[in-house]
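In: Below is the structure, and that's it, no one-letter string:
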């Protein structure tokens with residue numbers, strides 16, 4: 001960790017101590033490694049295009065007489081072209097809501113930025129953008145043409161200007177301009193684009209074809225490898241920028257600004273949580289978020305929540321997935337004792353009043369209108385989801401006809417009540433189910449109860465979600481995400497390093513399991529599932545309903561090394577040929593059908609299910625292995641099941657009958 005001392009702060013050596021951790025060779029190696037992903041996929045795409053074109057040319061020129069060559073060539077060119085198009089259309093960067101601030105709008109802010117740029121030797125700042133985020137950022141926008149120069153921008157969040165004093169904001173701006181003076185945004189942009197492309201590519205290439213298989217295997221290695229190299233490098237850049245801030249405003253003020261930033265973040269997170277709750281209920285917030293923020297700042301300063309937030313930030317350690325060092329490490333690098341710092345008092349005159357004058361009110365109004373427009377777009381999506389939830393609620397209630405819902409129906413009802421922003425109704429449904437289940441709630445119901453409790457800021461929801469993840473490992477990712485989000489907003493007092501380590505373990509376990517499930521299963525990993533008679537009867541009910549579509553269903557139980565306790569089923573649905581001739585979306589319909597077949601296994605038996613549709617949505621080797629190693633479920637005509645267990649919670653038509661044959 002670099003150490004910045006007061007005696008060493010001068011214009012000549014301001015960056016020398018911090019720069020020792022970032023060598024030029026290391027930066028070049030990292031830059032070349034970031035290019036490896038786009039180069040790999042581009043090379044593979046061009047190889048397929050060239051091979052495909054060559055096969056077609058051999059056929060046209062008469063040098064090859066095989067009839068399959070032009071077909072193979074066309075397939076290769078289609079695969080290569082589609083992959084290259086997918087790479088070119090990846091857009092990981094999103095534009096934040098902002099208002100452009102001209103020199104006439106805020107002359108004092110521009111004067112401060114110009115003075116700081118001159119002292120730090122920063123290139124000319126081309127634009128200042130006022131954002132709605134509790135953050136500040138330095139951005140270098142790439143030039144549209146090679147002979148044009150890139151533009152340097154400074155993004156400043158209006159919440160920053162409302163929460164910090166003018167001198168504290170000066171420290172923040174010096175930090176951001178320190179990034180630009182060392183060309184950090186340029187390198188960071190390349191790394192973030194490569195990381196985002198790797199993450200998006202692993203989702204885009206979620207297919208069983210050869211090309212997607214090669215790309216998925218490459219990015220499964222490349223994405224984590226790039227992250228392990230990039231994040232430590234980015235964290236070291238923060239120490240360099242802190243050195244610039246300390247050079248301009250002094251070590252004490254730089255440390256004060258860091259503490260003010262962390263402590264007053266509690267108020268903005270509280271405002272965002274209140275807005276999120278309003279939107280979840282389908283209601284538009286009637287008060288400006290910035291007006292709410294001013295009130296929250298005063299309240300949290302009086303009730304001690306801001307001090308608790310700062311104390312939390314000081315006790316947390318840097319995680320390997322963090323983009324910034326921990327607060328205690330940054331203070332130590334400045335030569336400040338992290339145990340001796342305190343939350344600075346609120347400024348009597350926020351920086352916004354002086355630096356945005358004389359147009360502070362207009363700029364805030366313009367930014368508020370842009371946020372409200374974004375809220376309205378989000379609200380339309382929420383209302384559409386709520387309309388679907390209401391229709392589903394009515395369908396379930398109609399099906400119940402006054403009787404008590406079963407476990408599956410209770411989970412569906414609770415999920416829709418959460419979609420409608422009514423966690424108390426969801427909690428009532430799950431608690432009613434608990435009274436009817438002497439052996440305890442199934443994991444999914446337990447997880448839904450945890451979500452409902454967290455929505456009501458009940459810390460018992462953390463225990464529910466962690467318990468559900470322990471019993472049904474496929475809930476690990478959801479549990480880690482929801483608990484982590486709650487700890488960062490409402491559950492600050494419960495945020496400990498031990499709990500964070502547990503959430504990290506769950507995330508890593510979930511990522512490994514998801515990556516493993518995307519790989520082609522080996523024959524030794526598959527075996528016939530042990531389906532109970534009642535499970536086979538439930539499957540038979542669904543098969544009887546869709547007999548005109550399904551030809552056969554094969555089921556294999558798969559071993560998952562990342563989650564040994566998980567029961568995972570590979571489902572292969574083979575449909576009748578006539579069905580494919582009549583419809584173009586047969587794959588999607590059959591996938592929905594197979595999900596319906598095994599929905600009760602997911603709800604009640606803690607089972608993970610992956611659906612493959614033969615022959616188009618699965619590769620030949622996978623189909624062969626599932627058929628050979630799994631169980632075959634047939635749908636004979638005019639044969640019956642006797643004494644079948646009724647499907648829990650659902651009415652059964654006694655006139656229906658079906659037989660399921662299981663063949664190893």
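Out: On my side now, so go ahead. All values derive from a computational prediction rather than experimental measurement.
In: Confirm that residue 613 sits in a strand.
Out: Yes - counting by DSSP: H, G, I helix; E, B strand; the rest coil, residue 613 falls inside a strand.
In: Next one: it from residue 309, what distance?
Out: The spacing between residue 613 and residue 309, counted by CB to CB, to the nearest Å, is 50 Å. Backbone N, C-alpha and C define where each C-beta goes, glycine included.
In: Tell me which of those two has more neighbours.
Out: In terms of neighbours (other CB atoms under 10 Å), residue 309 is the more surrounded of residue 613 and residue 309; the figures are 23 against 20.
In: Could I get the pLDDT score of that one?
Out: For residue 309, the pLDDT comes out at 85.
In: do the one 10 residues further on as well
Out: Predicted confidence (pLDDT) at residue 319: the value is 84.
In: Check residue 454 too.
Out: Here, the pLDDT recorded for residue 454 equals 91.
In: And for residue 423?
Out: On pLDDT, residue 423 comes in at 91.
In: List the contacts of it.
Out: In this structure, residue 423 makes contact with 417, 451, 452, 453, 455, 456, judged by CB atoms under 8 Å, 6 or more residues apart in numbering.
In: and which of the residues you listed is nearest to residue 465?
Out: residue 451 (7.3 Å; CB to CB).
In: Tell me, how many residues neighbour the closest one?
Out: The burial count assigned to residue 451 is 23, neighbours taken as other CB under 10 Å.
In: Assumed it was part of a helix.
Out: Yes - residue state for residue 451 (three-state DSSP) corresponds to a helix.
In: about what we covered before: could you turn the buried ones of the contacts of residue 423 into a PyMOL selection?
Out: To isolate the buried members of the contacts of residue 423 in PyMOL, using 16 or more other CB atoms under 10 Å:
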select buried, resi 417+451+452+453+455
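In: List just the nearest of the contacts of residue 423 to residue 137.
Out: Nearest to residue 137 among those, with distances taken as CB to CB, is residue 455, at 31.2 Å.
In: Give me the neighbour count for residue 631.
Out: Look at residue 631: counted by other CB under 10 Å, it has 23 neighbours.
In: Likewise for residue 412?
Out: By other CB under 10 Å, the residues close to residue 412 number 22.
In: right, and it touches residue 392 too?
Out: Yes - the criterion here is CB atoms under 8 Å, and residue 412 meets it with residue 392 at 6.9 Å.
In: so where do the strands sit in the stretch 151-300 of the chain?
Out: 151-157 (DSSP state E, counting those that start in this stretch).
In: what's the burial count for the residue lying closest to residue 422 once chain neighbours are set aside?
Out: For residue 422, the nearest residue in space outside its immediate sequence neighbours is residue 281; the separation is 7.8 Å by CB to CB, 6 or more residues apart in numbering. As a burial measure, residue 281 scores 12 neighbours (other CB under 10 Å).
In: Just want to check the distance between residue 281 and residue 387.
Out: The spacing between residue 281 and residue 387, counted by CB to CB, is 14 Å.
In: any idea how far residue 294 is from residue 623?
Out: Using CB to CB, one obtains 62 Å as the distance from residue 623 to residue 294.
In: OK, contacts around residue 376?
Out: With contact taken as CB under 8 Å, 6+ apart, residue 376 is in contact with residue 284.
In: That one should be in a strand, yeah?
Out: No - Residue 376: not assigned to a strand; according to three-state DSSP it is helix.
In: Distance check, it against residue 383.
Out: Residue 376 sits 10 Å away from residue 383 when distances are taken as CB to CB.
In: Could you do residue 460 as well?
Out: When CB to CB is applied, the distance between residue 460 and residue 383 equals 31 Å.
In: ok, now residue 244?
Out: In this view, residue 244 and residue 383 are 47 Å apart by CB to CB.
In: Also residue 354?
Out: Distance of residue 354 to residue 383, given as CB to CB: 42 Å.
In: Look at the two and report which has more neighbours.
Out: Legend: neighbour count by other CB under 10 Å for residue 354 and residue 383, higher for residue 354 (17 against 12).
In: Quick check, that one in contact with residue 164.
Out: No - when contacts are counted by CB under 8 Å, residue 354 is not listed as touching residue 164 (11.6 Å).
In: what about the stretch 201-350 of the chain, any weak spots by pLDDT?
Out: Filtered on pLDDT under 70, the stretch 201-350 of the chain yields the residue ranges 201-213.
In: residue ranges of the helices in it, please?
Out: Counting by DSSP state H, counting those that start in this stretch, one finds helices in the stretch 201-350 of the chain at the ranges 210-249, 251-280, 289-303, 305-315, 327-333.
In: Relative to residue 526, which of the ones you listed is closest?
Out: The minimum distance between residue 526 and the helices of the stretch 201-350 of the chain falls on helix 210-249, with 18.0 Å, by CB to CB.
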